[in-house]
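# Make a model of this:
(chains A and B)
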Amino acid sequence: MEEPQYAKGYWNPYVAGVALGLVLLLCFYLTGSGLGASGAVARTAAVAAHVVSPEWVEQNGYFQEFYKQAGRHPFINQVVFMVIGVFLGGLVAVITAKRFIPMVARGPNAGVGFRLSLAFVGGVIGGVGTRFAMGCTSGQALSGGATMALGSWVFMMAVFGAAFVTAYFVRRQWS
Amino acid sequence: MTGPLYMMGAFGYWTNLMLSMAIGFFFGFVLERAGFGDARNLTSIFYFRDMRVLRVMFSALCTAMVGLIVLSFVGLFDYTLFLQYALLKTYLLPQLVGGILFGIGFAVGGYCPGTSAVGVVSGRLDAVVFLVGMITGIWIFAAGFPAWGWFYKSFDLGRVTLWHVFGIPMPVMAALVVVMALGAFWLAGLAERWAPYDK
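Here you go, the predicted model:
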């Protein structure tokens, strides 16, 4: 198959993979934990809900764990700072490669509304998934996987198994 | 100096936060350079069109895995301390169920949390919507916590690794993972030539 325009101009995947692995290795060496992302989304959800209803958040069985440390805001946290770095690093990479394009990534025959609806629904399901799994592709699959944690490998296999099956049913968003 | 440095008390909480932000910077930079700021490049793997996600993911995993073992061997990383206090704990069924939900969300939505951040700064509106969806999903999770809180952090097997499960030495397990990854890279090449959903 001819490589489409959106897949051109990136690093060789093995080069990118080794680079990512070295970033992860450095992270383990310095901080003792791996890379992460979904924890920052969970904390953002907690802080946003806290603006509307502080009582509910502080008494909620899940959200209260972010408000336990008295005096320390939920954003004063390792994974939140890391994700701020991800935004900054991604932005610098996008700008230096002149790849900033405001658009909706979708197939040539897929409607914008259809694609955005699926993006939202996928986000909701994935968001719930990260909480039961206590992590995502970065924290569990990659970081836990590199340290050969059992649960992380179970998570990784479940993710790819479910995604390959599900993808067939939503293939029209890319066609 | 033997790591993990923060766990050894080499620096304080705020230094750790600043270092994490710097690490996040390189993390985001590499994700963009890998092509992970666009949902089409992330989901092509599920249609066997472009297996770059598998290649990046497994070469990164193997690099860090072997790197940690080498650092530990030369005395620069205290793996025993890490296994005791920092290895991610296994919650068997929650992680299986969470993984299935996450996989469905990934295929439907086109992103995962880290890559959606890179998608946002690449100008992808679908990544913004995915991120909003995730926040909504976490609200739903929190709202339903009285119903499924018992399942969260259940089936706790503790800090257990693959080599514990298979009863083999750690370097042997790591070698098996590397062999598996090489096999997956070879299969990925075959799958790209097959690419069923293009037809």
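
# Now do the strand or helix carrying residue A:90: everything it contacts.
Using DSSP states H and E, residue A:90 sits in helix A:78-96. Helix A:78-96 is touched from outside by A:31, A:33, A:35-37, A:39-41, A:43, A:74, A:100, A:139, B:16-18, B:20-33, B:37, B:114, B:117-118, B:120-123, with contacts defined as Cβ atoms under 8 Å, 6 or more residues apart in numbering or on different chains. C-beta here means a position set from N, CA and C on the backbone, and glycine is covered the same way.

# First-to-last residue distance for stretch B:35-53?
This stretch, stretch B:35-53, spans 9 Å end to end (Cα to Cα, to the nearest Å).

# Now do it, average pLDDT.
Averaging the model's pLDDT scores along stretch B:35-53 yields 96.

# Same question for it: list its buried residues.
Buried positions in stretch B:35-53, judged by neighbour count with 16 or more other Cβ atoms under 10 Å in any protein chain shown: B:35-53.

# I'd like the distance from the lengthiest helix in chain B to the chain centre, please.
Counting by DSSP state H, the longest helix found in chain B is helix B:170-194. Its chain's average C-alpha position is 17 Å from that of helix B:170-194, according to Cα atoms, centre = their mean, to the nearest Å.

# And the contacts of it?
In contact with helix B:170-194 (Cβ under 8 Å, 6+ apart) are residues A:1, A:148, B:48-51, B:54-55, B:58-59, B:61-62, B:65-66, B:69, B:161-163, B:166, B:168.

# Next up, the contacts around the most centrally placed residue in chain B.
The C-alpha lying nearest the average C-alpha coordinate of chain B belongs to residue B:57 (Cα atoms, centre = their mean; 7.9 Å). Taking Cβ under 8 Å, 6+ apart as the criterion, residue B:57 is in contact with A:17, A:137, A:141-142.

# could you show me where the strands are in the chain, in order?
Just going to use chain A. Assigned by DSSP state E, chain A shows no strands.

# other chain: chain B
For chain B, the strands defined by DSSP E occupy B:90-91, B:156-158.

# Take the contacts of residue B:57 and write them to TSV, including pLDDT.
Shown next, in TSV, are the contacts of residue B:57 (pLDDT from 0 to 100):
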residue	pLDDT
A:17	98
A:137	96
A:141	97
A:142	98
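
# contacts with chain B among those, please.
Contacts with chain B within the contacts of residue B:57, as defined by Cβ under 8 Å from any Cβ of the partner chain: A:17, A:137, A:141-142.

# Provide a list of residue ranges in chain B with pLDDT below threshold.
Scanning chain B for pLDDT under 70 picks out B:197-199.

# Quick one: mean pLDDT for the longest helix along chain A?
Longest helix of chain A, by residue count under DSSP H: helix A:112-133. Averaging pLDDT along helix A:112-133 gives 98.

# now the least confident helix or strand in chain A by mean pLDDT, how far from the centre of its chain.
Lowest by mean pLDDT, DSSP states H and E among the helices and strands of chain A is helix A:54-59, with a mean of 95. What separates the centre of helix A:54-59 from the centre of its chain is 26 Å, taken as Cα atoms, centre = their mean.

# Go ahead and name everything in contact with it.
Helix A:54-59 is contacted from outside by A:46, A:49-50, A:63-64, A:67, using Cβ under 8 Å, 6+ apart.

# ok so, going back, quickly check: the longest helix of chain A near chain B or not.
Yes: contact of helix A:112-133 with chain B (Cβ under 8 Å from any Cβ) involves A:115-116, A:118-133.

# Kindly report the same for stretch A:40-47.
Yes: for stretch A:40-47, a contact with chain B is found by Cβ under 8 Å from any Cβ, at A:40-42, A:44-46.

# List just the nearest of those residues to chain B.
Relative to chain B, the closest of those is residue A:45; by Cβ to the nearest Cβ it sits at 3.9 Å.

# number of nearby residues for the closest residue in space to that closest one that isn't next to it in sequence?
Leaving aside its sequence neighbours, residue A:45 sits nearest to residue B:138 (Cβ to Cβ, 6 or more residues apart in numbering or on different chains; 3.9 Å). By the measure other Cβ atoms under 10 Å in any protein chain shown, the count of residues near residue B:138 is 27.

# and the ones next to chain B among the contacts of residue B:57, which of them are in helices?
Under the assignment DSSP H, the ones next to chain B among the contacts of residue B:57 contribute residue A:17 to helices.

# closest to chain B among the ones next to chain B among the contacts of residue B:57?
residue A:17 (2.9 Å).

# need the contact list for the residue lying closest to that closest one once chain neighbours are set aside.
Nearest residue to residue A:17, sequence neighbours excluded (Cβ to Cβ, 6+ apart): residue B:59, at 2.9 Å. Residues near residue B:59 by Cβ under 8 Å, 6+ apart: A:13-14, A:17-18, A:20-21, B:181.
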